[in-house]
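Participant: Predicted model and sequence below, questions to follow.
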Amino acid sequence: MRRTASGFEEIGWDEAYEEVGARLFEIREKHGNDAIGLYTGNPVVHDLGALLYRPVLQRALATRSLFNASAIDTLPKIVQTGLMFGRHFPLGVPIPDIDRTSYLLVIGANPVISHGSLMTMPDAPGRLKRVLERGGKVVVIDPRRTETARIASEHHFIRPGSDAAFLLSLVHVLFDEDLVDLGAAKDRVSGLDTVRAIVRDFAPGAVAEHCGIAAETTRRIAREIAAAESAACYGRLGTCVQEFGTLASWGCDLVNILTGNLDRAGGVMFPNAAAPVDAAFPRGKGFEIGRWKSRVSGQPEVEGMIPSSTMAEEMLTPGEGQVRAMILLMTNPVRSAANSAQLEEAFSKLDYLVAVDFYLNESTRHANMILPTPSPLEYANYEVGLYLLSVRNVAKWSWPAVPSPPDTQQTWEVLLQLSARLMGLGGTPLRDVDAFVVHGYAEGAVAANGDNGRWAGLTLEEVTQQLGADPGPERLVDMLLRVGPYGDGFGRNPDGLTLEKVQAARHGIDFGPLAPRLDEVIHTESGRIDLAPPTMTEDLGRLRTRMTPRNSGFVLIGRRDLRCSNSFMHNLPALVKGPDRCTLHVSREDAVRIGLEDGGAARVTSRVGSVVAPVEVTDDLMPGVVSLPHGWGHDAPGSQLRVAQAHAGVNTNILTDDRAYDAASGTAVLFGTPVTVVPEA
Ligand SMILES: Nc1nc2c(c(=O)[nH]1)N[C@H]1C(S)=C(S)[C@@H](COP(=O)(O)OP(=O)(O)OC[C@H]3O[C@@H](n4cnc5c(=O)[nH]c(N)nc54)[C@H](O)[C@@H]3O)O[C@H]1N2
Ligand SMILES: Nc1nc2c(c(=O)[nH]1)N[C@H]1C(S)=C(S)[C@@H](COP(=O)(O)OP(=O)(O)OC[C@H]3O[C@@H](n4cnc5c(=O)[nH]c(N)nc54)[C@H](O)[C@@H]3O)O[C@H]1N2
Ligand SMILES: [Mo]
């Protein structure tokens with residue numbers, strides 16, 4: 001779809017590739033590599049071709065202007081686990097062993113709705129209920145009494161953004177009452193004395209008012225976790241997209257480690273995925289952030305990405321390195337990233353915008369060219385990404401459910417076509433370009449798994465020959481599976497895994513529960529888990545300043561819904577029918593105080609914007625907090641989403657502020673935005 005003065009027109013693939021290739025090439029020649037930005041959206045993790053060919057496009061672009069949905073939702077966890085375990089994301093993320101745990105502390109996550117995220121699992125409600133059936137406990141800490149809280153043993157409100165203080169006070173109790181027990185991490189940690197000294201100030205009584213949790217409750221929870229046969233502390237978005245995301249993420253793992261729950265059954269453990277990404281990307285020891293800083297506001301680089309909150313300023317601020325063209329890979333940033341109004345402006349001013357996306361929506365309407373790739377029902381998939389975060393080690397291939405129409409291009413083909421043109425290989429047959437890609441991956445696999453790794457004697461020739469000649473992501477997955485922990489090692493272990501075997505197992509293959517593997521995981525220079533990385537300890541001053549009593553205004557948090565996936569599932573009638581879900585939740589106490597009525601309307605205003613939303617009065621929200629879901633606001637002129645337009649809703653990211661961020665990681669604050677709320681006539 002090409003944008004013209006009179007709207008979008010359909011053109012052929014070859015013409016589209018020619019134009020996009022030529023325009024990007026020209027912009028790069030004139031303004032340099034960093035002038036082209038790439039934004040990788042959330043659905044990429046579920047499109048195998050997009051996941052495995054995005055790195056190819058990234059290399060072809062050779063730009064530092066790399067933005068990512070992970071740089072919206074996960075940076076604090078990436079920074080925290082990277083610095084503590086020396087591992088690149090997500091290989092150092094300990095996952096709750098939910099099927100065997102006797103105590104699950106859920107802080108800032110709603111797995112009944114989200115299915116877990118950094119604890120990937122089918123049937124989240126069933127698994128949580130079984131913890132209780134086994135005689136265990138599930139405790140939820142959340143400013144909202146969520147769907148997860150409803151099936152938990154107990155729930156406590158917490159003031160948004162105060163989790164770091166609460167978690168450090170749990171750690172305080174562990175030291176104070178002599179409950180610290182390192183378990184498997186014994187002799188494998190450094191910085192224990194630093195942590196002990198830090199948490200001295202965080203007595204439960206000292207943080208109770210700030211957090212809204214009584215000191216006795218905090219002490220009891222700390223004792224229970226320490227006494228439980230096994231326990232896991234799990235934080236997700238509520239402990240990431242907030243003012244102290246890195247400190248809160250750190251607090252979660254300190255609780256896990258200091259109660260002996262790291263790497264033990266029922267605690268938090270490291271998955272051992274069948275197709276591990278590190279099998280093709282060998283890396284040295286250690287983990288560093290801030291190898292460079294973003295051009296305008298000097299935010300640290302993390303794993304090659306810069307925080308997505310810097311996107312608008314990088315596009316709008318003139319000077320060398322200004323982003324003048326963008327590639328949007330399955331993302332809707334003008335609805336999903338902070339400060340939408342500024343982003344709308346930035347996208348409308350670009351010299352060139354390409355979107356790989358199947359919708360003409362709020363973001364892609366700004367594109368000069370939309371390259372539509374198929375829907376998830378049309379492509380085969382293997383969860384290369386999410387199996388690294390899974391609560392069991394499993395492997396399953398899913399086949400396309402419906403065929404694609406003729407003339408469809410898969411996402412990997414589109415990315416490869418663009419990459420080829422950026423590398424000056426526009427005239428080369430795609431097969432040959434793909435052979436080059438496979439060669440690159442195979443070199444990585446041999447370096448990581450050959451003589452220094454699992455499969456002694458493995459050679460490049462062997463790998464490339466046995467992978468066959470069919471281009472596309474399948475042979476790359478085959479390679480990852482074969483060099484992986486259950487693999488056939490290209491013949492060295494004949495009974496081992498190949499893609500063919502995974503594809504033949506209709507219902508997937510189960511390798512069993514998570515197993516201890518701490519020694520394999522720790523990858524710091526010192527060989528120890530760093531309990532007190534300076535990135536965290538140096539941020540404590542900021543936390544202490546915040547703990548002084550605040551003004552009594554409202555803060556805004558988000559809310560997920562079972563029938564939405566971020567911003568893109570509102571165009572399907574079955575998923576939007578029923579009562580309006582894009583409502584502002586307000587506690588009964590606040591509603592009475594400021595004169596809001598259920599079914600009425602409220603005006604919500606932040607530093608950067610203002611919206612009017614329908615009000616739903618609830619008993620499930622902490623007073624002082626209001627909640628609005630994200631991903632709505634489908635009334636943008638020029639988008640072609642007939643169903644979504646009829647259920648437009650309100651865009652909450654008009655209110656979120658790109659300048660409010662977690663200082664340690666640069667992550668924008670999406671939960672905890674200060675707002676005013678007044679009735680709207
Ligand atoms: N206020 C607030 N904002 C948030 C959040 C929040 O909780 N509160 N959550 C944040 C989080 S966690 C995330 S991950 C981001 C997500 O934000 P994004 O990464 O922008 O994801 P989506 O908004 O779902 O947009 C996905 C885009 O991909 C397209 N698409 C989806 N599937 C496919 C496919 O299979 N093929 C093709 N070709 N296109 C596809 C859709 O049309 C849509 O344009 O949003 C963040 N924004
Ligand atoms: N149905 C559905 N499933 C999804 C998605 C979806 O859009 N729809 N999105 C997917 C994506 S991209 C992601 S990243 C995951 C996210 O997975 P989760 O993090 O489990 O999902 P959220 O519902 O955002 O949960 C965050 C919780 O934090 C609470 N919270 C807000 N502020 C604070 C705070 O300051 N402290 C504490 N303790 N809690 C706070 C919120 O009330 C909310 O209950 O879900 C994934 N799964
Ligand atoms: Mo996300």
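Facilitator: Thanks, I have the structure now. Ligands and ions are numbered 1, 2, ... in the order given.
Participant: Could you find the residue in the stretch 151-300 of the chain that comes nearest to ligand 2?
Facilitator: Residue nearest to ligand 2 within the stretch 151-300 of the chain: G238 (2.6 Å; Cβ to the nearest ligand atom). No exception for glycine: its C-beta is placed from N, CA and C like everyone else's.
Participant: Make sure that residue is indeed in a helix.
Facilitator: Yes: assessed with DSSP: H, G, I helix; E, B strand; the rest coil, G238 lies in a helix.
Participant: what are the pairing partners of whichever strand or helix holds I327, and which direction each?
Facilitator: Using DSSP states H and E, I327 maps to strand 325-329. Taking DSSP bridges as the criterion, strand 325-329 forms sheet pairs with strand 36-40 (parallel), strand 352-356 (parallel).
Participant: Dump the next helix or strand after it to CSV, restricted to CA.
Facilitator: Going down the chain from strand 325-329, the next helix or strand is helix 333-336, by DSSP H and E. Extracted as CSV, the C-alpha positions of helix 333-336 are listed here (Å, rounded to 0.1, in the frame of the first residue of the first chain):
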residue,chain,number,x,y,z
PRO,A,333,3.7,3.3,18.6
VAL,A,334,1.3,6.2,18.4
ARG,A,335,-1.0,4.1,20.7
SER,A,336,1.5,2.0,22.6
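Participant: So helix 333-336, near ligand 1 or not?
Facilitator: Yes: counting by Cβ under 6 Å from any ligand atom, ligand 1 is contacted by helix 333-336 at 333, 335-336.
Participant: ok, that helix near ligand 2 or not?
Facilitator: No: for a cut-off given as Cβ under 6 Å from any ligand atom, helix 333-336 has no contacts with ligand 2; the smallest distance is 9.0 Å.
Participant: How about residues contacting that helix?
Facilitator: For helix 333-336, contacts defined as Cβ atoms under 8 Å, 6 or more residues apart in numbering pick out 39, 41-42, 67, 69, 72, 308, 311, 340, 343-344, 347, 361-363, 366, 566-567, 630-633, 636, 651, 653.
Participant: pLDDT on it, on average?
Facilitator: Average pLDDT, helix 333-336: 97.
Participant: what do you get for stretch 248-262?
Facilitator: Taken as a whole, stretch 248-262 carries a mean pLDDT of 98.
Participant: for the stretch 301-450 of the chain, which spans come out with low pLDDT?
Facilitator: Counting by pLDDT under 70, the stretch 301-450 of the chain contains no low-confidence residues.
Participant: can you give me the helices for it?
Facilitator: 311-316, 333-336, 340-348, 411-422, 430-449 (DSSP state H, counting those that start in this stretch).
Participant: Mean neighbour count, those helices: which tops it?
Facilitator: Sort those by mean neighbour count, taking mean count of other Cβ atoms under 10 Å, and helix 333-336 sits at the top with a mean of 26.
Participant: Tell me how far V604 lies from E288.
Facilitator: The spacing between V604 and E288, counted by Cβ to Cβ, to the nearest Å, is 40 Å.
Participant: higher neighbour count, the two?
Facilitator: Neighbours per residue, other Cβ atoms under 10 Å: of V604 and E288, the larger number sits with V604, 25 against 12.
Participant: Which stretches in the stretch 501-650 of the chain count as helices?
Facilitator: Going by DSSP H, counting those that start in this stretch, the stretch 501-650 of the chain shows helices at 518-521, 534-537, 540-546, 573-576, 588-594, 642-646.
Participant: helices and strands around the fifth one, which ones?
Facilitator: Taking 3 or more Cβ pairs under 8 Å, 6 or more residues apart in numbering; DSSP states H and E as contact, the helices and strands that helix 588-594 lies on are strand 610-618, strand 673-680.
Participant: mind checking which of these is nearest ligand 1?
Facilitator: strand 673-680 (8.4 Å).
Participant: So L562 sits against S114, correct?
Facilitator: No: using Cβ atoms under 8 Å as the test, L562 is too far from S114 to be in contact (9.0 Å).
Participant: neighbour-wise, which of those two wins?
Facilitator: Taking neighbours as other Cβ under 10 Å, L562 and S114 compare with S114 leading, 20 against 12.
Participant: Now do that one against T146, distance only.
Facilitator: In this view, S114 and T146 are 10 Å apart by Cβ to Cβ.
Participant: D178 now?
Facilitator: With Cβ to Cβ as the criterion, D178 and T146 are 34 Å apart.
Participant: quick one: the strands in the stretch 501-650 of the chain?
Facilitator: In the stretch 501-650 of the chain, the strands defined using DSSP state E, counting those that start in this stretch lie at 509-513, 529-530, 554-557, 584-587, 601-605, 610-618, 625-627.
Participant: Any chance of TSV for those, columns distance to ligand 2 and mean pLDDT?
Facilitator: What follows is those, written out as TSV (distance: least, Cβ to the nearest ligand atom, whole Å; pLDDT from 0 to 100):
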stretch	distance to ligand 2	mean pLDDT
strand 509-513	22	98
strand 529-530	24	98
strand 554-557	4	98
strand 584-587	10	98
strand 601-605	16	98
strand 610-618	12	98
strand 625-627	7	98
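Participant: nearest to S249, of these?
Facilitator: Distance to S249, taken as Cβ to Cβ, is lowest for strand 529-530 among these, at 14.0 Å.
Participant: circling back: select, out of the helices of the stretch 301-450 of the chain, the one closest to V611.
Facilitator: Proximity to V611 (Cβ to Cβ) singles out helix 340-348 among the helices of the stretch 301-450 of the chain, at 10.1 Å.
Participant: Distance from the closest one to the middle of the chain?
Facilitator: Centre-to-centre, helix 340-348 and its host chain are 23 Å apart (Cα atoms, centre = their mean, to the nearest Å).
Participant: same check, this time on stretch 56-71
Facilitator: Taking mean C-alpha positions (Cα atoms, centre = their mean), stretch 56-71 and its chain are 16 Å apart.
Participant: Contacts (any at all) between ligand 1 and it?
Facilitator: Yes: applying Cβ under 6 Å from any ligand atom, one finds stretch 56-71 touching ligand 1 at A69.
Participant: one step back: which one of the helices and strands packed on helix 588-594 lies nearest to G541?
Facilitator: For G541, the closest of the helices and strands packed on helix 588-594 is strand 673-680, at 20.9 Å, according to Cβ to Cβ.
Participant: Could you list the residues of the stretch 151-300 of the chain in contact with ligand 2?
Facilitator: Near ligand 2, when you scan the stretch 151-300 of the chain using Cβ under 6 Å from any ligand atom, you find 158, 160-161, 163, 236-238, 242.
Participant: same thing with the stretch 401-550 of the chain?
Facilitator: Counting by Cβ under 6 Å from any ligand atom, the stretch 401-550 of the chain has no residue next to ligand 2.
Participant: For the closest residue to ligand 2 within the stretch 401-550 of the chain, give its distance to A164.
Facilitator: Closest residue of the stretch 401-550 of the chain to ligand 2, Cβ to the nearest ligand atom: R546 (12.1 Å). According to Cβ to Cβ, R546 stands 9 Å off from A164.
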